[in-house]
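Enquirer: any chance you could fold what I've pasted below:
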Amino acid sequence: MSTAITSAEITESSVKDYFSLLKPRVMSLVVFTGLVGMVLAPGHLHPFLAIVTILSIALGSGASGAINMWFDRDIDKIMTRTKKRPIPDGRVNADEALGFGIVMAVASVVLLTITANVVAGALLLAAILFYVFIYTIWLKRRTPQNIVIGGAAGAFPPMIGWAAVTGDVTLFPVILFMIIFIWTPPHFWALSLLIKDEYKNARVPMLPVTSGVALTKTKILIYTLIMAVVTLTPYLMGFSGKLYFYVAIVLNAIFIFYAARIQTDKTKKSAKNTFLFSIFYLFALFSSLVIDAA
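Expert: Got it, this is the predicted structure:
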C-alpha cells in the first residue's frame, strides 16, 4: 500500500508533524542571524525582496533539518530527546521526509538566486550542503570534532543576508560568521554534558563520550574565552559603536562566569544554565549590533 499522503489525508496534526521536520527552534535562530546580516549590510532591499530573502533562508534551514532527521532517524529512535520526532515516532514516512527536504532545499536556493543574486544563492546552497554532507553524513558519527567543524553550517546566515543586499561578502559579515562559529562548540558541549549517556547509547562521538566530562568542561571554558575576544572585533575594527562594546563585555562576563562554574560543579545545573544562557547570549549580542547601528 502506498504511503503517500494525499491532500484529503493532510490533517492539522500532519501539518504540524511536517513543520516539526523543519526544526523550528533552530530555524528561528538561523532566520534571526540572517536578518541581522541583512539589516547591517550597506544598501537597501525592497520590503518584498527582504521578506523573500528571509523566507528563502528559513526554507533552506528547514530543508537541512528535514534531511538531517531523515538521515538520523535510527539514532533519533534511541535518544530520549529525539525519539518523539516525526520520523522515529512513525508520524511521517522517512522517504517523504527526504523528498520534502530536497524539494525545499532546491526551492530555497532557486528562489533566493532569482530574487536576490547569485552570491546569496550560492552561500545558501553551501550552507545546506555543508550541514547535510559535511556535518550530518560525514562528521557527526565519526569524530568528536563534529560540532567544531560542523558548526560552520549554522554560521552562514549573516553572510547570506548581507550578500542578498550587497551582492558580495566583506570582512564584517565574515566576523559575524566567526562569532557564531566559535559560539557553537560551547553551546552544544554544554548540551552534550546534559545528555552524555544518550549520545553514548546512540554511539554518537560527542566530546564528553570520547574524551570525558573533565576535558569537555575545560574546552567549554577555552572556547568561551576565545569567543569573548572574537566578539570584540566588530568594535575594535570600527564596525560597531560603544553600545555594542558594553553589551558584549557584560554578556561575555556572564558567559565566562557560567563556563567557569561548570568546572567544579558535579551536578548538571551549571551545564544547563550555560546552555540556556548561550541561546540568549547570541540573540542579545546580535540584537545590540542592530540597535547600535540604528
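
Enquirer: helix, strand, or coil at Pro88?
Expert: Following DSSP: H, G, I helix; E, B strand; the rest coil, we place Pro88 in the coil state.

Enquirer: pLDDT score for it?
Expert: pLDDT recorded at Pro88 is 93.

Enquirer: hang on, Ala105 packs against Gly60?
Expert: Yes: Ala105 lies in contact with Gly60 (CB atoms under 8 Å); the separation is 6.5 Å. All C-beta atoms are positioned from the backbone trio N, CA, C, and that covers glycine.

Enquirer: what touches both of those two?
Expert: Shared contacts of Ala105 and Gly60 (CB atoms under 8 Å, 6 or more residues apart in numbering): Ile128.

Enquirer: low-scoring stretches of this structure, by residue?
Expert: Residue ranges of the chain with pLDDT under 70: 1-13.

Enquirer: can you do 90?
Expert: Flagging of the chain using pLDDT under 90 yields the residue ranges 1-15, 44, 294.

Enquirer: centroid-nearest residue for this protein?
Expert: Geometric centre of the chain, nearest residue: Gly154, 3.8 Å, by CA atoms, centre = their mean.

Enquirer: hmm, back to that, which of Ala105 and Gly60 has more neighbours?
Expert: Gly60 (31 against 23; other CB atoms under 10 Å).

Enquirer: helices along the stretch 151-294 of the chain, start to end?
Expert: 157-166, 171-194, 196-201, 207-210, 213-230, 233-236, 242-264, 269-293 (DSSP state H, counting those that start in this stretch).

Enquirer: starting at the chain centroid, how far to the last one?
Expert: I take that to be helix 269-293. 14 Å (CA atoms, centre = their mean, to the nearest Å).

Enquirer: swap in the third one?
Expert: The offset between the C-alpha centroid of helix 196-201 and the centroid of the whole chain comes to 21 Å, using CA atoms, centre = their mean.

Enquirer: excluding its own residues, what touches that helix? List them.
Expert: Here helix 196-201 has contacts from Ile78, Met79, Thr80, Arg81, Ser192, Pro205, Met206, Pro208, Val209, Val213, using CB under 8 Å, 6+ apart.

Enquirer: next, count neighbours for Ile51.
Expert: Neighbours of Ile51 under the rule other CB under 10 Å: 12.

Enquirer: relative to helix 157-166, how tilted is whichever strand or helix holds it?
Expert: Take DSSP states H and E as the rule and Ile51 turns out to sit in helix 47-71. Relative orientation of helix 47-71 versus helix 157-166 (axes from the mean of the first three to the mean of the last three CA atoms, to 10 degrees): 150 degrees.
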